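**Student:** sequence unavailable; structure follows:
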């Protein structure tokens, strides 16, 4: 079996799986055409890790290419190199595990195509329609068929076509991991109805199949597959169960993935059949057909004139109208005059962000063709991303520079706006690299136009696992800063760019750097982040400073983009995703039901034993100078937080490697033997609840104690990895001599464990207690004092003894033993509870909270964001902006208008939105904000009464209440200056939250917009 780089392809393995990765690593691909679209596809499939790619192109490098092909440089144009010669070495260095060949031979209607038989997939770009048909027919006729993909970008329009043969088998249509759902009840009926436990949704569709396991009573279902008919999100039928035994309790089901067969037809017969399912463009059904018909007209124009329409011209208009009228699908669609005019003027150009978006889609289809993973596109997709504003034809004329291809799409005026743009991009990971590439090709932030990609920032360093999707980085960049490395690589693509790279996080701690003055210079902010908290913070800053924000993210083959425009749209913080469902503490501690529970338990054990406890130990001894002083204070009955936990660690501190092995072996029995015995002692197998039902029924599983076996690799792995980690935190040298110690130790540990009565949490709402704050009995206190006395008497407690080395969990270094511990501990706990254990790959993903990632989705997301950037800069109307969600696996792309900004009413003539702010600059006393009567004295009309006719009822700054009439002492604050009440920030203002009196007495107070109080120098 062909191997691939586990480290290099780390995140992608979670998207495709090892089986698909191995199939891909045996595949040969032929790619013709190295324009903007071709080089995007080349990048993506080489990063993905096919066995070999042959790059084919016959054209010479031109100035035009500098604005579309990120692997062509100015020196390539000056030396008149062939495109394939320039691109080949730069593509090859993306992935050392892929063989990248090149060819510049003529490929036309007269070429003998027999050489293509060595490839599993053929991709054509920039090829004539007649050549596409010929090569497609050849590929379709082979046995097995050669997978064929053709795609093109014409200005602001694009299309993709796929043909994978008459019977293409898809092993996994969605790529979604089947979830295990517990059963509440199954009726004994025809048809039998299955109810999910605790109103959990099953996520099934009618026609899918499920496998039943561990059902009590209706045992006939165990191990069988049943096709389902969905009734509700929580129930479904499975056919006749009337002849089976009655359902008793327990059991779960998982979806069974059934391979599907897809039938494709070649390009010739399908060309005029406008297939729109599945469809990437989810406007009205007419839109994809209109684009498809208009592009067919463009093909006819090319065949007739042997060229594309002249840039900025309109000679295509009449031809297009005639050809669209003749198209068989013309009966289904009307001619879209704006679309025809747009294509007429821009077809000769090339919009680089559209190449990125379509390149990601087409590349994913290549991977589907090679692996059979995910549902392929059947068979055409056509899309248009921009409708031109009314511009003169001269706007599109070429000027002989690197931006001619862009100019032909959006006009010269828009190009200059992009050049003058000042952008702040937060994050330089996978999406960040793709965005910087798009900025370079668009000419965003040019130094000679006073523009700036004005600042990019990312605090992270480059790791090897980044290389298979963060394409600006190479192996020699590992452990260098992402931001500065990405900036240098981007300027290599376009030396005219002005980039200032930072290594900072964007957070409250860096507001002195990224202050209001900084934001005031910007035109737009772009986020390329991987966590919600950072997104929310950046969003709050752009709302405060009234700047547009373009946000995006990916997870596996899924991606989303969001455009946020001041005073037009809602912001990122306007919508909240439901919080992640936490695993109850009692489930993790004593009653795991699924694999995820055992993995999280093992991860928590790692954190507790090797990070949290050593940190507490160090903090305690930093506060207390010596063990003797602690002993004196404890004898004096002083309460020292954390002392009992710390003393236990001190008294059991190992001094040699053999002691670490002993400690690990003791932990084995504690975790996997004693815990099970104690649970079964507290809750025997026949225990029943108050309602008479069994305590041990699904989802609760009774544990089985595990006897240590030195010959069991899992037992051995746990002890060795735990011993290594104990040695590390106690600063003890690690030794390879393990087996002898464990064997001798096991003979000494044959003493029978007698379980005692222990209180176990069974309430799912209970939270994990803080061990350092638990109350202790007088007996425990005396034992702790005795332990500390013995440690002082028997050991020379040096400063080194009062220090430990906390370990930060690192999932990507297999040599450090971290994943060895988590994987073995998780698998042993799964075995103890009769749960199917996860493999190491899944364990690593869950324990390391790894977000699956693949270059195809990243490229598409960044391309779509860059298209929205053009709209923002161009001042397009609200209806032009599009948020996007896509899943390349299914495949589907949904484009929607952003949420329109909402206004909150205070009074009939007063309302506000998230973008509004009321500013006060001329007053200094709190009394100007609030009305208050004291001793018959009224301080006067407030600012709000005078300006808006409304009365404030509460003034808050952050979490501090500045004024609430009913609060004692608050009336005295009315005569204080704001400067005495609130410390001004470096910005010399504070943002206040003010509530207002309702119109009707008894109603709730009314919210208002943020109130910014600006400080002035006051005596």
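**Tutor:** Happy to help now that I have it. The shown structure was predicted, so the numbers you read here are calculated from the model rather than taken from an experiment.

**Student:** count of neighbours near residue 814?
**Tutor:** Per other Cβ atoms under 10 Å, the neighbour tally for residue 814 reads 14. No exception for glycine: its C-beta is placed from N, CA and C like everyone else's.

**Student:** scratch that, residue 366 is what I was asking about
**Tutor:** Residues lying near residue 366 (other Cβ under 10 Å) number 27.

**Student:** just the pLDDT at the residue lying closest to residue 683 once chain neighbours are set aside, thanks.
**Tutor:** Counting by Cβ to Cβ, 6 or more residues apart in numbering, the nearest residue to residue 683 once its immediate chain neighbours are dropped is residue 695, at 5.4 Å. The confidence metric pLDDT takes the value 92 at residue 695.

**Student:** which is the next helix or strand following the lowest-mean-pLDDT helix or strand in the chain?
**Tutor:** Within the chain, no helix or strand scores below strand 937-938, which has a mean of 34 by mean pLDDT, DSSP states H and E. Later in the chain than strand 937-938, the nearest helix or strand by DSSP states H and E is helix 943-948.

**Student:** just how off-centre is that following helix within its chain?
**Tutor:** From the chain centre to the centre of helix 943-948 is a distance of 46 Å (Cα atoms, centre = their mean, to the nearest Å).

**Student:** go on, stretch 573-587?
**Tutor:** Worked out by Cα atoms, centre = their mean, stretch 573-587 lies 16 Å from the chain centre.

**Student:** likewise for stretch 40-54?
**Tutor:** 23 Å.

**Student:** just the mean pLDDT for it, thanks.
**Tutor:** The model assigns stretch 40-54 a mean pLDDT of 97.

**Student:** tell me where the stretch 1-150 of the chain has helices.
**Tutor:** Listed in chain order, the helices of the stretch 1-150 of the chain (DSSP state H, counting those that start in this stretch) span 10-24, 36-48, 74-78, 83-92, 129-141.

**Student:** I meant the stretch 251-400 of the chain, not that one.
**Tutor:** 267-270, 286-305, 315-326, 337-346, 352-371.

**Student:** residues near the residue nearest to residue 683, how many?
**Tutor:** Under the neighbour criterion other Cβ under 10 Å, residue 695 is assigned a count of 14.

**Student:** pLDDT score assigned to the closest residue to residue 907 other than its chain neighbours?
**Tutor:** Of all residues not flanking residue 907 in the chain, residue 950 sits nearest, at 6.4 Å (Cβ to Cβ, 6+ apart). For residue 950, the pLDDT comes out at 84.

**Student:** what's the answer for residue 200, then?
**Tutor:** Listed pLDDT for residue 200 reads 88.

**Student:** circling back: winner for burial among the helices of the stretch 1-150 of the chain?
**Tutor:** Most buried of the helices of the stretch 1-150 of the chain by mean neighbour count (mean count of other Cβ atoms under 10 Å) is helix 36-48; its value is a mean of 28.

**Student:** helices or strands up against it?
**Tutor:** Contacts defined by 3 or more Cβ pairs under 8 Å, 6 or more residues apart in numbering; DSSP states H and E place helix 36-48 against strand 28-32, strand 52-56, helix 83-92, strand 147-154, helix 352-371, helix 855-874.

**Student:** and for the closest residue to residue 613 other than its chain neighbours, the neighbour number?
**Tutor:** What sits nearest to residue 613 in space, not counting adjacent residues and going by Cβ to Cβ, 6+ apart, is residue 649, at 6.3 Å. Residues near residue 649, counting by other Cβ under 10 Å, number 16.

**Student:** just residue 338 next, same as before
**Tutor:** The burial count for residue 338: 11, using other Cβ under 10 Å.
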